[in-house]
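Colleague: One predicted model, sequence on top.
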Amino acid sequence: MKLHSIDTTIVDLPVARPHKLAMAVIDRHSQVIVRVRTECGVEGLGEIAIIPHYGEEAPGAIKSMIDEVIAPYLVGYDIRRLEGLVQFMDQIIKNNAYAKGGIEMACVDAIARALNVPAYQLFGGKLHDSIPLLWVLGNGVIDKDIAEAEARLGDYKLFLVKIGKGDPRENVDRALAIRDALGDRAQVRVDINQGWDEATATWGIGELQAGGIEIIEQPLPGHNVEGMRRLTERFTVPIMADEGVMTAQDALRIAQRNAADALSVKVTKHGGMLRTKQVANIAQAAGIRLFGGTMIEGQIGTSAYAQIFSTMPNLTLGAQLFGPHLLTDDIASPVIAFKDHALVVPDLPGFGVTLDTDKLKFYQRQACLLYTSDAADDTPC
């Protein structure tokens, strides 16, 4: 199964409402779609979803990296040697996890389609038929967040409140108000997105723990492993690492220092499905639980994430794969099903997704934007 071509397209997809995180507000969602085709005519799809300012890579840079630097060397490579493919990309260029992960994802889809099996069969087989699903409350306003949670209770029993931006006391009060409003009908977690220093975190986590918040995600900057260790040892509420665990080496460091009770795993940030599985294996050996994170993927990425998550025995904290519910349109046909507050892992060959080429063309980014001091003056350049 030698590679014949690798094509990339940047798309900007509409969202149901602005999604507020500590590092950005998403009012449209950017993805790089990767299409690989083998010499025998099999096509595979990959999706690189990008949250602004979360990582080190941006859509245009990812596309250029694949088109100009990586792809020319991969033409003719036998993608069945998947581990070798990953190592070869590391020889071509260092870092660039998003770009490499998108190519690897598309190759996994192509291999599984050629074998006529779901992608999870390439990673040891499925352990979870479905994965409990979490909805992120990203309005930043108590009344709006509560109303949104109430409206979503039919599909979700897990909620995450983003609280890393703005006044910590107001954010803690908002999270606790949402927790009180939902009561025993749902579980509420918070994500601080590296937004606090250790003194603020010590105070804030104490308040959140007393108020019944279930999990605290990444309260400190990712590099502050010792601070995360102190918080993990101090509090009984689980502390989860996200931005602090990008690589398998990060996972090992956290495990060695007891710097988190749980890890949030994401195919994109780890640089592909193989490396996500490596992180998961380290966590399993260390007795650390896993949560399936998201970069707000559409149908392609959500299915890919679900495939690899389903093979992880210690992924017991659910997953944040709410992208198909936040995005109001997509460039691929629906394959993701939700049942009993959980995402059902697709069993079709590969990721089971069919590309809609008309929508790919419709949402394709046509031009860069010229940003001025007045946001209203943004015009194509």
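Modeller: The structure has been received and is ready for your questions.
Colleague: neighbours around residue 130, how many?
Modeller: Residues lying near residue 130 (other Cβ atoms under 10 Å) number 17. Every C-beta, even on glycine, is put in place using the N, C-alpha and C of the backbone.
Colleague: That one and residue 318, how far apart?
Modeller: Per Cβ to Cβ, to the nearest Å, residue 130 is found 10 Å from residue 318.
Colleague: Repeat that for residue 142.
Modeller: Taken as Cβ to Cβ, the span from residue 142 to residue 318 is 24 Å.
Colleague: ok, these two, which is more surrounded?
Modeller: Here residue 142 and residue 318 are compared on neighbour count by other Cβ under 10 Å; more neighbours surround residue 318, at 23 against 18.
Colleague: mind listing what the nearest residue to that one once chain neighbours are set aside touches?
Modeller: Closest residue in space to residue 318, ignoring its immediate chain neighbours: residue 132 at 3.7 Å, by Cβ to Cβ, 6 or more residues apart in numbering. Each residue near residue 132 by Cβ atoms under 8 Å, 6 or more residues apart in numbering is listed here: 157-158, 318-319, 341-342.
Colleague: Return the subset of these lying in strands.
Modeller: Among these, the members falling in strands (DSSP state E) are 158, 318-319, 342.
Colleague: out of those residues, who's nearest residue 92?
Modeller: Closest to residue 92 out of these is residue 319 (31.4 Å), distances taken as Cβ to Cβ.
Colleague: Now do the helices in the stretch 151-300 of the chain.
Modeller: Listed in chain order, the helices of the stretch 151-300 of the chain (DSSP state H, counting those that start in this stretch) span 168-182, 198-210, 225-234, 248-257, 267-270, 273-286, 299-309.
Colleague: Select, out of those, the one closest to residue 124.
Modeller: Of all the helices of the stretch 151-300 of the chain, the one in closest proximity to residue 124, counting by Cβ to Cβ, is helix 273-286 (8.1 Å).
Colleague: now the closest one against helix 248-257, angle please.
Modeller: On the basis of axes from the mean of the first three to the mean of the last three Cα atoms, to 10 degrees, helix 273-286 is oriented at 10 degrees to helix 248-257.
Colleague: So which bits of helix 273-286 are buried?
Modeller: Buried residues in helix 273-286, counted by 16 or more other Cβ atoms under 10 Å: 273-280, 282-283, 286.
Colleague: Tell me how far the residue nearest to residue 318 lies from residue 148.
Modeller: Distance of residue 132 to residue 148, given as Cβ to Cβ: 19 Å.
Colleague: what sits against residue 149?
Modeller: Contacts for residue 149 (Cβ under 8 Å, 6+ apart) come out as 135, 137, 156, 159, 178, 181-182, 186.
Colleague: residues near residue 53, how many?
Modeller: 12.
Colleague: For residue 323, give me its contacts.
Modeller: With Cβ under 8 Å, 6+ apart, residue 323 has these contacts: 49, 294, 296-298, 301-302.
Colleague: what's the closest of these to residue 312?
Modeller: For the contacts of residue 323, the nearest to residue 312 is residue 294 (15.2 Å; Cβ to Cβ).
Colleague: Next, the contact list for the nearest residue to that closest one once chain neighbours are set aside, please.
Modeller: When the adjacent residues along the chain are set aside, residue 294 lies closest to residue 320, with 4.3 Å between them (Cβ to Cβ, 6+ apart). Taking Cβ under 8 Å, 6+ apart, we find residue 320 in contact with 133-134, 136, 160, 264, 291-294.
Colleague: Narrow those to those in strands?
Modeller: Those of those mapping onto strands are 134, 136, 160, 264, 291-292, per DSSP E.
Colleague: Lowest-confidence entry in the residues you listed?
Modeller: When the ones in strands among the contacts of residue 320 are compared on pLDDT, residue 136 comes out lowest, with 93.
Colleague: Touching, that residue and residue 325? I think so.
Modeller: No. With contact defined as Cβ atoms under 8 Å, residue 136 does not reach residue 325; the gap is 10.1 Å.
Colleague: Residue 184: neighbouring residues, count only.
Modeller: For residue 184, the count of nearby residues is 6 (other Cβ under 10 Å).
Colleague: Tell me, what's the model's pLDDT at the residue nearest in space to the middle of the chain?
Modeller: By Cα atoms, centre = their mean, the chain has its centre lying nearest to residue 294, at 2.1 Å. Per-residue confidence (pLDDT) for residue 294: 96.
Colleague: cool, residue 283 as well?
Modeller: Predicted confidence (pLDDT) for residue 283: 98.
Colleague: Contact partners for the residue nearest to it when sequence neighbours are not counted?
Modeller: In this structure, residue 283 finds its nearest non-sequential neighbour in residue 263, 5.2 Å apart by Cβ to Cβ, 6+ apart. Shown in contact with residue 263 (Cβ under 8 Å, 6+ apart): 240-242, 245, 251, 254, 279, 283, 288-291.
Colleague: Fine, thanks again, bye for now.
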